[in-house]
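Q: how would this look folded up:
(one chain, ligands or ions: 2)
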Amino acid sequence: MEDQQEIKTGNILTDKFGRSHSYLRLSLTDRCNLRCSYCMPAYPVFLPHKNLLTSGEIYTIASTFKKLGVTRIRLTGGEPLVRPEFDNIASRISSLQLPLHLTTNGYYVDEHIEILAAHFKSVNISLDTLKKERFEAMTSRKGFERTLQNIELVLKNKIPLKINVVVINGVNDDELPDFIKLTLKYPLEVRFIEFMPFRGNQWNTEKTFSRANILQRIESIYRIESYGQLPMQTTEDFRVKDAPGSFGIISTVSKPFCEHCNRLRITAEGKLKNCLFGLDEFNLKPYLNHEEDLLLAIETAVKAKHASYGGLDPMFDGKATAQYSLNRTMTSIGG
Ligand code: SAM
Ligand code: SF4
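A: Residues are numbered from 1 along each chain as shown. Ligands and ions are numbered 1, 2, ... in the order given. Predicted structure coming up:
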């Protein structure tokens, strides 16, 4: 293996449009304790446990991508904290000394808080509503109070925190000002995410509450200031003047950022997806014990990346919804 480091790794993560990929999102499982309808179909079918990448395989993938130039890793899912080996996986990946981040629904955060405080550079907790009944309606599960307590726990442990809010027209868009109030009180970032189409999530354009609508709603109440967007960042950042916290908008539907995309995703069973929306998948699992073949598989996947939307027609006008519904469910991709 060591000798093979001499294999030319220089531009394996650069695609044919010159985009270099430095950010890897690793899904630990497709399972989840919640059932958000925008993410999980009504009757989900999960991978058998034996099909999931093992802790060792996940480590091999992470260390290979580090060698190729990845500078940031996010653990996600499904719900990463339902993976029984989570602590072990996180500790091993953390030994690679790359900034490690987590996206979670927050429910099990208290059971892992030491590991999170020790190894993670930031934690994103998804919470789409500040109303208990609505939480239960949107997730089809209980757990609102525990999630709120865990948000406080993350803040108490001074782990940089972002709250992810998928904004759905007519469902939770009325709560934007309440989420902004959190940024006036706490040093956290709220990120409003436009609702995106995936298999089985009943998406249509009317349900997406757009970036323009989000800004208009907030600006009708607060004076806000923009503090920019780095080219490779999906989030545009804003804050209410003098607030300790900030907010961002992820506008994949109305203002996509494909041109600067630097992300690659690995599903829980080891398929590389070079785009969140594309239907192409590249199975890395058969090559994990042979570095040369693994690098070739990765390079093939990266070079096959389409300019935008995984080669599908644009999503914003709703004419291509059927194409997007051929993709996986979000929970099985690793969002
Ligand atoms: N279970 C974890 C969670 O909820 O944060 C991690 C996985 S979840 C798939 C990752 C992120 O994708 C969450 O912030 C979730 O809100 C977001 N997400 C899921 N489905 C989405 C959709 N259809 N449109 C936009 N964001 C979505
Ligand atoms: Fe689970 Fe996260 Fe999907 Fe909700 S968004 S169903 S918490 S994976």
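Q: Run through who's touching stretch 285-300.
A: By C-beta atoms under 8 Å, 6 or more residues apart in numbering, the residues outside stretch 285-300 that reach it are 1, 4, 7, 9, 12-13, 53, 57, 60-61, 64-65, 68, 269-272, 282-284. Glycine gets a C-beta too; all of them are placed from N, C-alpha and C.
Q: So which of those belong to helices?
A: E57, T60, I61, T64, F65, L68 (DSSP state H).
Q: circling back to that earlier point, quick one, which of the contacts of stretch 285-300 are buried?
A: Neighbour counting by 16 or more other C-beta atoms under 10 Å classes 9, 12-13, 53, 57, 60-61, 64-65, 68, 269-272, 282, 284 among the contacts of stretch 285-300 as buried.
Q: Now the two most distant members of the residues you listed.
A: T9 and E269 (24.8 Å; C-beta to C-beta).
Q: From the buried ones among the contacts of stretch 285-300, pick the one nearest ligand 2.
A: Taking C-beta to the nearest ligand atom as the measure, E269 is the one of the buried ones among the contacts of stretch 285-300 closest to ligand 2, at 15.8 Å.
Q: was I right about the closest one contacting L53?
A: Yes. In this structure E269 lies within contact range of L53 using C-beta atoms under 8 Å: 6.6 Å.
Q: Mind checking which of the contacts of stretch 285-300 land in strands?
A: K271, L272, F282, N283 (DSSP state E).
Q: Including distance to ligand 2 and pLDDT, could those residues go into a markdown table?
A: Converted to a markdown table, those look like this (distance: C-beta to the nearest ligand atom, whole Å; pLDDT from 0 to 100):
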| residue | distance to ligand 2 | pLDDT |
| --- | --- | --- |
| K271 | 17 | 98 |
| L272 | 20 | 98 |
| F282 | 23 | 98 |
| N283 | 22 | 98 |
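Q: How far does stretch 191-205 sit from its chain's centre?
A: Taking C-alpha atoms, centre = their mean, to the nearest Å, the mean C-alpha location of stretch 191-205 is offset from the chain mean by 14 Å.
Q: List the buried residues in that stretch.
A: Buried-residue list, stretch 191-205, by 16+ other C-beta under 10 Å: R191, F192, I193, E194, F195, M196, P197, F198, G200, N201, W203, T205.
Q: try stretch 27-34
A: S27, L28, T29, D30, R31, C32, L34.
Q: Quickly note the distance from the fourth one to S37.
A: The one in question is D30. Separation of D30 from S37 (C-beta to C-beta, to the nearest Å): 16 Å.
Q: roughly how far apart are D173 and ligand 1?
A: Distance of D173 to ligand 1, computed by C-beta to the nearest ligand atom, to the nearest Å: 14 Å.
Q: would you turn the buried residues of stretch 191-205 into TSV with distance to ligand 1 and pLDDT?
A: Formatted as TSV, the buried residues of stretch 191-205 follow (distance: C-beta to the nearest ligand atom, whole Å; pLDDT from 0 to 100):
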residue	distance to ligand 1	pLDDT
R191	8	98
F192	10	98
I193	5	98
E194	7	97
F195	5	97
M196	4	97
P197	7	96
F198	5	95
G200	10	90
N201	5	93
W203	7	95
T205	13	94
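Q: taking these one by one, which sit in helices?
A: Going by DSSP H, the helices hold none of the buried residues of stretch 191-205.
Q: Go through the buried residues of stretch 27-34 and name the one nearest ligand 1.
A: Using C-beta to the nearest ligand atom, the buried residues of stretch 27-34 come closest to ligand 1 at C32, 5.5 Å.
Q: Confirm for me that the closest one is in contact with N105.
A: Yes. Shown here, C32 and N105 form a contact pair, counting by C-beta under 8 Å, at 7.1 Å.
Q: what touches both of these two?
A: Common contacts of C32 and N105 (C-beta under 8 Å, 6+ apart): E79.
Q: Count the residues that sit near the closest residue to E206 other than its chain neighbours.
A: Spatially, and ignoring its direct neighbours in sequence, E206 is nearest to N169 (6.2 Å; C-beta to C-beta, 6 or more residues apart in numbering). Using other C-beta atoms under 10 Å, N169 has 15 other residues around it.
Q: D178 touches D128, doesn't it?
A: No. If you go by C-beta under 8 Å, D178 and D128 don't touch, sitting 11.6 Å apart.
Q: So these two - more neighbours on which side?
A: Set D178 next to D128 and count neighbours by other C-beta under 10 Å: D128 wins out with 23 against 13.
Q: beta partners for I249?
A: F192, E236 (DSSP bridges).
Q: Would you mind measuring from it to F257?
A: 11 Å.
Q: Compare neighbour counts for these two and give me the winner.
A: I249 (24 against 18).
Q: any idea how far S37 is from the more buried one?
A: For I249, the distance to S37 equals 22 Å [C-beta to C-beta].
Q: same check, this time on Y43
A: On the measure of C-beta to C-beta, Y43 and S37 end up 12 Å apart.
Q: So for the two, which sits in the more crowded spot?
A: S37 (16 against 6).
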